[in-house]
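Student: give me the fold of what follows.
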Amino acid sequence: MKYALLIYSNDTEWDTLSEDEKNAIYGEYFAISESAGVIGGQELQTADTATTVRVQGGEAMTTDGPFPETKEALGGFFLFEADDLDAALAMAARIPAARRGGAVEVRPVVER
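Tutor: As a prediction, the model looks like this:
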């Protein structure tokens, strides 16, 4: 089964980290991207670059940025193929955001 590992960041200390510390964290993300079962993924630009689209009365309306105010912002994802949910949860626990004030949402992908 495939799982989307949705990475929500809330790293309030990021700007205070040294380049070496930042590079070490990026290295962890790279290592995960190279792990068995990871079949895709991407870092996203910051939430303030987003545009939200809603359709009401047949008319598309857009709002700059993410619509809900939240402390955690979707920062990227991995697509992970695993035998079961436990394996996906174990992979999610390796993602730096999970221990740096953010969260990783693990969601099964609908396969047709």
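Student: from now on I want contacts and neighbour counts done on CA atoms only, so please keep to that.
Tutor: Fine.
Student: break down the protein into its strands, ranges please.
Tutor: Here the chain has its strands, by DSSP state E, at 2-9, 38-43, 51-56, 59-64, 73-81, 103-108.
Student: list the helices and strands the helix ranked longest in the chain packs on?
Tutor: Taking DSSP state H as the criterion, the chain has its longest helix at helix 19-33. In terms of contacts (3 or more Cα pairs under 8 Å, 6 or more residues apart in numbering; DSSP states H and E), helix 19-33 is packed against strand 38-43.
Student: for the longest helix of the chain, the averaged confidence score.
Tutor: Taken as a whole, helix 19-33 carries a mean pLDDT of 96.
Student: quick one: buried residues of that helix?
Tutor: Across helix 19-33, burial judged by 16 or more other Cα atoms under 10 Å covers 29, 32, 33.
Student: do stretch 103-112 as well
Tutor: So for stretch 103-112, counting by 16+ other Cα under 10 Å, buried means 103, 104, 106, 108.
Student: check those residues and tell me the two furthest apart.
Tutor: Pairwise distances across the buried residues of stretch 103-112 peak at 16.4 Å for 103 and 108 (criterion: Cα to Cα).
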